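[1] Would you be able to build a 3D model of this:
(4 chains)
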Number of protein chains: 2
Amino acid sequence: MESIIQAVNNDGPSNLESHLGYWLRLVSNQVSSEFARALSLRNISVAEWTAMRRLYDGEGLKPSDLASSMGMTQGAISKVIDKLEAKRWVDSFDDHFDGRSRVLLVSDAGREAVPTLSKIADQNDVHFFGPLSGRERKAIRKILIHIAEIHGWHEIPTT
Amino acid sequence: MESIIQAVNNDGPSNLESHLGYWLRLVSNQVSSEFARALSLRNISVAEWTAMRRLYDGEGLKPSDLASSMGMTQGAISKVIDKLEAKRWVDSFDDHFDGRSRVLLVSDAGREAVPTLSKIADQNDVHFFGPLSGRERKAIRKILIHIAEIHGWHEIPTT
DNA sequence: TATTGTTATACTCTATAACTATA
DNA sequence: TATAGTTATAGAGTATAACAATA
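    The predicted structure is shown next:
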């Protein structure tokens, strides 16, 4: 086990900095909280952005589809949908095939909003990862995707 | 700007998956929430672990030192210290040089607990990053540290 | 009986600001 | 006046469980 922990100090318990999880959390928290701050200027949460982007491609998703694709519970996704409906970015309709279910559709206003939001996401990426070399960006992307594949997280969390 | 966004679909707004921030968040959230779950079995939060590990090395820190090294406010660190004192892992004393301040010391019980907690952190790292190759682990560590250096986060957040 | 979705409740985490006691 | 630390308050986010409607 010791072998994969990068030893900085051989005496005593492992350092915070010896764990990859520590660096991942440090960088991810900074990148995500800045992204959240940028979105919050428009009163949008990261979960709302993610849901909008998913719905934009996958029109006609049910709340339960959206929840599982985002790694959230149905109770949590229900609140996110409430907020998107309040913004008039999403409309929900009865599912003719299953009376218990709902079908979620992005409204015209929602469809107009997505490119603006995706530009905010683009800018956030450019700000934090632009200073890296192209090789570094390619490498970290590949490794992160590899980790996600190994653990079977293809369509899990985000928020 | 487009150049650093990995285009998956050239039509329309950028994909979630085109952003490095998305993959970073996905992987970090999974790794950190599993770590938090493992610690919570012992009623410990990630912030408490981080504080203990910092105090273990830097004996005699003040609450404000700890707060800034963890990227938390003084109000937030105060609650973390309360919990560590309730566990009898940390004792605080008057600072003879400044009556407003406090000096935080890890107790014997706290000193005994740290190696156990650091093993939990080790195991979490092994679980998530052990399946990578040594080259991949080295590469992602180097790139994450590079990002932290570029943006001046040497001693920032963690929770 | 099981499932979809909503709602009510509670909990954790944290930031902000008011407050106290020193400096 | 400014600073260190605490406390009170509030908000975000989410999980859990109870619930209504439908399968």
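[2] In chain A, what residue spans correspond to strands?
    Here chain A has its strands, by DSSP state E, at A:90-94, A:102-106.
[3] right, and the ones you listed - which one's nearest chain B?
    strand A:102-106 (11.8 Å; C-beta to the nearest C-beta). Backbone N, C-alpha and C define where each C-beta goes, glycine included.
[4] Now that closest one: buried residues?
    By neighbour count with 16 or more other C-beta atoms under 10 Å in any protein chain shown, strand A:102-106 contains the buried residues A:V103, A:L104, A:V106.
[5] so the second one touches A:G58, yeah?
    It stands for A:L104. No: taking contacts as C-beta atoms under 8 Å, A:L104 lies outside contact range of A:G58: 9.1 Å.
[6] I figured A:I143 hits B:K138, correct?
    No: between A:I143 and B:K138 there is no contact under C-beta under 8 Å: 10.3 Å.
[7] what about those two, which has more around it?
    A:I143 (21 against 12; other C-beta atoms under 10 Å in any protein chain shown).
[8] so who does that one touch?
    By C-beta atoms under 8 Å, 6 or more residues apart in numbering or on different chains, A:I143 lies in contact with B:L132, B:E136, B:A139, B:I140.
[9] ok, now A:D94?
    With C-beta under 8 Å, 6+ apart, A:D94 has these contacts: A:R102, A:V103.
[10] what about 7 Å?
    A:R102 (C-beta atoms under 7 Å, 6 or more residues apart in numbering or on different chains).
[11] Straight-line length of stretch A:103-111, end to end?
    One end of stretch A:103-111 to the other measures 16 Å (C-alpha to C-alpha, to the nearest Å).
[12] quick check, distance from that stretch to the centre of its chain.
    19 Å (C-alpha atoms, centre = their mean, to the nearest Å).
[13] same check, this time on stretch A:38-54
    The mean C-alpha position of stretch A:38-54 is separated from the chain mean by 10 Å, C-alpha atoms, centre = their mean.
[14] pLDDT averaged over it, what's the number?
    Averaging pLDDT along stretch A:38-54 yields 95.
[15] can you pull the buried residues of it?
    For stretch A:38-54, the neighbour count (16+ other C-beta under 10 Å) marks A:A38, A:L39, A:I44, A:V46, A:A47, A:E48, A:W49, A:T50, A:A51, A:M52, A:R53, A:R54 as buried.
[16] Not counting sequence-adjacent ones, nearest residue to the first one?
    Ranked by C-beta to C-beta, 6 or more residues apart in numbering or on different chains and with sequence neighbours excluded, the top spatial neighbour of A:A38 is A:I120, at 5.3 Å.
[17] isn't the one you found right up against A:S40?
    No: A:I120 is beyond contact range of A:S40, at 10.7 Å (criterion: C-beta atoms under 7 Å).
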